[in-house]
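J.: below is the structure, and that's it, no one-letter string:
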């Protein structure tokens, strides 16, 4: 079956709804409930791990050599490290992101006593007070603080508000959806990937598309801190594709249009045969694509491999400008990714040997090499 038509309005609506739900790593229960409910509405069988990672099954013609598509629900954020004597809060980041992008951010502080609004500010925030010193402050989490919009002028008053060390701080996404297709927001990594997956599922359900094997749609909750898909895969899954952001920046080949197929990240190359298949599907289905390599990047795939799962992995991305900051993407890339996901999900299984976790050499894959060419020639020679 060729690529399916994607409902762009559904994709947009889902992304807007996801961005409205704060979900820094460690504070993902609400977004998990939202996505699980939508998956059930689409007709999938949903299961949650103890901590809330989602596995939604869409049955195919067989269970063996099942396929998985994965993205993560968690985002960057911060935690309270210390209640300061001046009534402000010292923070540490959740995930890896620069305090440069935290300065000026509006945020929500979640406590046992309720929620508070606030702003992350440099330690020296007023030009009227500090003059040029505001331009010479170093960049780092030691040089910012959260100003809470409540009566908290010292440690005692902060404690009276119920604020404690370890409380979670969610950063406002401040999304803008422009008429020309550009989307600017924080946390597009990876709520845009989640919206892509939901749009692909919606298209498959609408078309009543069948798949040759079971499809596992996975949504993890701790990718930003390196955990990712480490514990959610089942032994019947033979291949897994991560949907995440690619970095469109000088020196990179990613783009905000079409699909960017990752050939490698900091953990090494992705599976040769699975990646090659994705490129071929783009070519056959006339889906714009480009390839890239990410040197300072890892995804759900890395954590799965490091956890010992013997699965083929690949990474397909939407190009993001200013990743982990004020991110910008384009709807063209999201729609292209969703189209590729549907084309892959409905495509035939090519490596039948993958239905077994362990098997002999018969049916094992080949890669271009001199030795392979010689072996093929020998196999074709008549027996004397």
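T.: Looks like it came in fine. Predicted model, so just to flag it, every value in this text is computed and none were measured. Numbering: from 1, shown residues only.
J.: excluding sequence neighbours, find me the nearest residue to residue 295.
T.: Take residue 295 and drop its neighbours on the chain: the residue closest to it by CB to CB, 6 or more residues apart in numbering is residue 266, 6.0 Å away. (C-beta placed from N, C-alpha, C; glycine too.)
J.: and what of residue 101?
T.: Ranked by CB to CB, 6+ apart and with sequence neighbours excluded, the top spatial neighbour of residue 101 is residue 325, at 4.1 Å.
J.: which ones are touching that neighbour?
T.: Taking CB atoms under 8 Å, 6 or more residues apart in numbering as the definition of contact, the neighbours of residue 325 are 97, 98, 100, 101, 186.
J.: okay, and the residue lying closest to residue 311 once chain neighbours are set aside sits in which element?
T.: When the adjacent residues along the chain are set aside, residue 311 lies closest to residue 240, with 5.1 Å between them (CB to CB, 6+ apart). Mapping residue 240 onto the secondary structure by DSSP states H and E places it in strand 237-247.
J.: and the angle for the helix or strand that comes right after that strand with strand 237-247?
T.: Next in sequence after strand 237-247, counting helices and strands by DSSP H and E, comes strand 259-265. Here the directions of strand 259-265 and strand 237-247 differ by 100 degrees (axes from the mean of the first three to the mean of the last three CA atoms, to 10 degrees).
J.: quick one: list the elements packing against strand 259-265.
T.: Under the contact definition 3 or more CB pairs under 8 Å, 6 or more residues apart in numbering; DSSP states H and E, strand 259-265 sits against helix 272-284, strand 289-293, strand 312-320, helix 331-345.
J.: now do the buried residues in the longest helix that the chain contains.
T.: Ranked by residue count, the top helix of the chain under DSSP state H comes out as helix 188-207. In terms of neighbour count (16 or more other CB atoms under 10 Å), helix 188-207 has its buried residues at 188-204.
J.: could you point out the helix or strand that follows that helix?
T.: Proceeding N to C from helix 188-207, the next assigned helix or strand is strand 215-220, under DSSP H and E.
J.: so where's this protein shaky on pLDDT?
T.: Counting by pLDDT under 70, the low-confidence segments of the chain come to 1, 371-384.
J.: show me how it divides into domains.
T.: Per the record's domain assignment (automatic domain parsing), the chain is made up of the domains 8-75+187-355, 88-170.
J.: dump the ones you listed into CSV; add distance to residue 176 as well.
T.: Shown next, in CSV, are these (distance: least, CB to CB, whole Å):
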stretch, distance to residue 176
domain 8-75+187-355, 9
domain 88-170, 15
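J.: and the ones you listed, which is most packed in?
T.: Per residue and on average, the most neighbours among the domains of the chain fall to domain 8-75+187-355, with a mean of 20 (mean count of other CB atoms under 10 Å).
J.: from the chain's centroid, how far away is that domain?
T.: Relative to the chain's own centre, domain 8-75+187-355 is displaced by 7 Å; criterion: CA atoms, centre = their mean, to the nearest Å.
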